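**Q** Structure of the sequence below:
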Amino acid sequence: MTGSALNAVWPSGRHQGAEAGPDLSGGLFRYILVTSWQHQLPLVLLTVAVFLLEVVPLELQRRVINDVVKNRSYSAVVLLCSAYVGAVLLQGATKLAVNIYRSWVGERARRDLRRQLGGGAPLPSEAIAPSAEAQGTAVAMVVAEVEPIGGFIGESISEPLLQAGVLATVIAYIVHLDLWMGAVALALFVPQLVFVPLMQHAMNRRTGARIWLLRRIGAGLIAGGPRDEARIDRVFQLDMRIFQLKFTMNFLMNLCSHLQIVAALLIGAWWVLQDQLEIGGVVAFISGLGRLNDPWGDLINYFRELSVTRVRFQLLAEAATGLGRAA
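**A** Sure thing, here's the model as predicted:
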């Protein structure tokens, strides 16, 4: 939105409630580092602890199965299960702390952005009547646009670190269990590195176009103009194409995941029969493969959200520039 439209809603001398804050023109991540680096560092440390603890339950599963099959020591199984519960509680408590801390950082960012955009300013006097389009767009920006941006700021660094860390930790453990079985299973993961970025890029482009069209439609409705049927139809087409790409990508990712498990069962069963691998290793291997899907999917969602948030942040930066000139 242009500075002039914002000035109409918060004219000079009427937005003293807005607090000066860091310059938004430097980009999304520069703003994140300037405003929250002292909180991002503890989040990084907690996140590292979470993904390092990810392999502990996998190893305990392997040991439980092997003790039952080989030693038949139930007391050892009880001890290992107790350790399993302890590890899960420790990891869960650490992840709970990360999530609460992220939420606090995100809410703090929302509050600061609202203040910087004049969210605490008094309403304009009746003598100054802003256009419906300017007023509606400004209110929508302060109320709605800040919400997803603040949430993203809270997880901007810890989320990709967590998901990438879980992937790296579990993959390293799988390779540790058996190099060749891990190589075969991970080879079936390679196709996702090809089709996922391509399909995600196509969705990002359509999502950006959808946001732009919805803004134009909303501005036209607020201004009292007629419905823009062509743009409404175009949004429908973009939505359907996004759904097609999204669900096709999910189908292909799910297929690759099941093929990995099939490969692990075929190779693992053969090597167990040849006494080259313990049955507990096969169980832990399959469990590890299952844990690759969620962080991979979350990592994809993060980069999709990053693309959309950059567009939103750019609009907020333009809004803040307009307010600064009006002050």
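
**Q** List the contacts of the closest residue to V166 other than its chain neighbours.
**A** Distances taken as C-beta to C-beta, 6 or more residues apart in numbering put P295 closest to V166, at 4.2 Å, once the chain neighbours are dropped. For the C-beta atoms, the positions are set from N, CA and C on the backbone; glycine is no exception. For P295, the contact set (C-beta atoms under 8 Å, 6 or more residues apart in numbering) comprises L162, Q163, A164, V166, L167, V170.

**Q** Farthest-apart pair in these, please.
**A** Comparing every pair within the contacts of P295 by C-beta to C-beta identifies L162 and V170 as the most remote, at 12.4 Å.

**Q** Of these two, which one has the most company?
**A** For L162 versus V170, neighbours defined as other C-beta atoms under 10 Å are more numerous around L162 (26 against 21).

**Q** What residues of the helix or strand where P57 lies count as buried?
**A** Per DSSP states H and E, P57 falls inside helix 55-66. For helix 55-66, the neighbour count (16 or more other C-beta atoms under 10 Å) marks V55, V56, P57, L58, E59, L60, Q61, R62, R63, V64, I65, N66 as buried.

**Q** got those as a markdown table, with pLDDT columns?
**A** Below are those laid out as a markdown table (pLDDT from 0 to 100):
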| residue | pLDDT |
| --- | --- |
| V55 | 88 |
| V56 | 91 |
| P57 | 89 |
| L58 | 87 |
| E59 | 88 |
| L60 | 89 |
| Q61 | 86 |
| R62 | 86 |
| R63 | 85 |
| V64 | 85 |
| I65 | 85 |
| N66 | 81 |
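
**Q** just these now: which is nearest Q314?
**A** Closest approach between the buried residues of helix 55-66 and Q314, by C-beta to C-beta: V55, at 39.9 Å.

**Q** For the closest one, which non-adjacent residue is spatially closest?
**A** Once flanking residues are discounted, V55 sits nearest to Y173: 4.5 Å by C-beta to C-beta, 6+ apart.

**Q** mind checking how far the one you found is from L214?
**A** Separation of Y173 from L214 (C-beta to C-beta, to the nearest Å): 44 Å.

**Q** who's more crowded, those two?
**A** It is Y173, of Y173 and L214, that has more neighbours when counted by other C-beta under 10 Å, with 20 against 14.

**Q** tell me the contacts of that one?
**A** Taking C-beta under 8 Å, 6+ apart as the criterion, Y173 is in contact with V55, L58, E59, A284, G288.

**Q** So which residues make contact with stretch 92-112?
**A** 19, 21, 35-36, 39-40, 42-43, 46-47, 49-50, 53, 146-147, 149-155, 158-159, 162.

**Q** Just the buried subset of the residues you listed, please.
**A** 35-36, 39-40, 43, 46-47, 49-50, 53, 146, 149-155, 158-159, 162.

**Q** May I have the secondary structure class of P226?
**A** Of the three states, P226 takes coil according to DSSP: H, G, I helix; E, B strand; the rest coil.

**Q** picking up where we left off before, could you tell me what pLDDT the model assigned to the residue nearest to V55?
**A** Y173 carries a pLDDT value of 88.

**Q** any low-confidence regions in the stretch 201-327 of the chain?
**A** Applying pLDDT under 70 to the stretch 201-327 of the chain flags residues 222-225, 319-327.

**Q** phi, psi of E54?
**A** Dihedral angles of E54 (phi, psi; degrees, to the nearest 10) stand at phi -60, psi -30.

**Q** State the pLDDT value of it.
**A** E54 carries a pLDDT value of 88.

**Q** That one reaches Q91, doesn't it?
**A** Yes. The criterion here is C-beta atoms under 8 Å, and E54 meets it with Q91 at 7.2 Å.

**Q** Looking at the two, which one has more neighbours?
**A** Taking other C-beta under 10 Å, E54 and Q91 do not tie; E54 has more neighbours (21 against 18).

**Q** show me the contacts for the more buried one.
**A** Q91, G165, V166, T169, V170, R291.

**Q** buried stuff in the helix or strand that contains the third one?
**A** Pointing back at V166 there. Secondary structure from DSSP H and E places V166 in helix 158-177. Neighbour counts over helix 158-177 (16+ other C-beta under 10 Å) mark 158-167, 169-171, 173-175, 177 as buried.

**Q** Which SSE is immediately downstream of the host helix or strand of R210?
**A** Assigned by DSSP H and E, R210 belongs to helix 190-222. Scanning forward in sequence from helix 190-222 by DSSP H and E, the next helix or strand is helix 229-273.

**Q** Would you tell me what the next helix or strand after that following helix is?
**A** Heading C-terminal from helix 229-273 (DSSP H and E), you reach helix 279-326.

**Q** Off-centre distance for that next one?
**A** Distance of helix 279-326 from the chain centroid (C-alpha atoms, centre = their mean, to the nearest Å) equals 3 Å.
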